[in-house]
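A.B. asks: Could you look at this predicted model? Sequence included:
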Amino acid sequence: MKRLIIATAFFVLLILAWHLLVRTGVWSPVLLPGPAAVGEYLWEALKDGSLASSSWVTLQRLLLGYLIGCAIGLPLGILTARSKTLNDTLGVLALGLQTLPSVCWVPLALIWFGQSESAMLFVVIMGTLWSVLISVDNGVRNLPPIYTRAARTMGSRGFHTLRHVILPASMPYVISGMKQGWAFAWRSLMAAEIYVTLLTGYGLGHLLHFGRELNAMDQVAGVMLVIVLIGLLADKILFSPWERFLHRRWGLNG
């Protein structure tokens, strides 16, 4: 309860400071509208359905690209951790590509796939894949050797060891990588939606782009707030329960 009160007070003070900075003219309302103007835009966008439909379109793209990226990155991370050859080749490539900003994939996606859903999907996958791969690789590689030695002593071999020893013990790294991959997927998709123009299926990134084109900063700020809220909800619903479970499972709670 105390944490909730502190968090609520913090955000109330933040909104109040935002309002005062705009009201006193420190920030120009043309460049950054006050919370009332942003709230009015959000209300109107909710009433006409544009915000809900754009959020749904974006979430569909995000989930599909993210799941594909995880499905590829998880097994590749295990393979690079178990094979020195793959670690020296694919592992090095993954480290390099992880540092590449997500927006750098957009020109390549446009050339390969044109103005299409496939282009945005490709960018999201590339934003997710390498982060997940590296985290899984680190998790498997940093596993205490005593775990696998104990498993071999009890007769465990091959896939049985992987399934019942290596993967469960690596789960904190895996969940951390998936959480980071989710953040990279969001950034990648926003970059893709801003630059890839579609006649149908406008997402939140397109709303950001249209707001910039029309100099509608209330729309830009409102959409940014929605993106932040969706990210926080995803963390609370998807990742926090897993993290709490792992902390209890491995005795990491104080």
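C.D. replies: On my side now, so go ahead. Remember, predicted model here, so these are calculated numbers, not experimental data.
A.B. asks: wait, doesn't residue 35 sit right on residue 21?
C.D. replies: No - using C-beta atoms under 8 Å, residue 35 makes no contact with residue 21, being 10.5 Å away. C-betas here are computed from N, CA, C, even on glycine.
A.B. asks: Just name whatever secondary elements the lengthiest helix in the chain is in contact with.
C.D. replies: Among the segments of the chain that qualify as a helix by DSSP state H, the longest is helix 50-82. Using 3 or more C-beta pairs under 8 Å, 6 or more residues apart in numbering; DSSP states H and E as the contact test, the elements touching helix 50-82 are helix 35-48, helix 117-141, helix 167-195, helix 204-213, helix 217-234.
A.B. asks: Show me the shaky parts of the stretch 1-150 of the chain.
C.D. replies: Low-confidence segments of the stretch 1-150 of the chain, defined by pLDDT under 70, are absent.
A.B. asks: Buried residues of the longest helix of the chain, list them for me.
C.D. replies: Residues of helix 50-82 classed as buried by neighbour count (16 or more other C-beta atoms under 10 Å): 51, 54-55, 57-58, 61-62, 65-66, 68-70, 72-74, 76-81.
A.B. asks: same check, this time on stretch 165-175
C.D. replies: Buried positions in stretch 165-175, judged by neighbour count with 16+ other C-beta under 10 Å: 165, 166, 167, 169, 170, 171, 172, 173, 174, 175.
A.B. asks: who are the neighbours in contact with residue 81?
C.D. replies: When the contact criterion is C-beta atoms under 8 Å, 6 or more residues apart in numbering, the partners of residue 81 are 87, 136, 137, 138, 139, 140, 141.
A.B. asks: Of those residues, keep whichever come out buried.
C.D. replies: Among these, the ones that count as buried (16+ other C-beta under 10 Å) are 87, 136, 137, 138, 139, 140.
A.B. asks: Farthest-apart pair in these, please.
C.D. replies: Using C-beta to C-beta, the buried ones among the contacts of residue 81 reach their maximum pairwise distance at 87 and 139, which is 13.7 Å.
A.B. asks: quick check, nearest of the buried ones among the contacts of residue 81 to residue 46?
C.D. replies: When the buried ones among the contacts of residue 81 are ranked by distance to residue 46 (C-beta to C-beta), residue 136 comes first, at 39.0 Å.
A.B. asks: quick one: the closest one from residue 43, how far?
C.D. replies: Spatial separation of residue 136 from residue 43 under the definition C-beta to C-beta, to the nearest Å is 43 Å.
A.B. asks: got it, and residue 177?
C.D. replies: Counting by C-beta to C-beta, the gap between residue 177 and residue 43 amounts to 38 Å.
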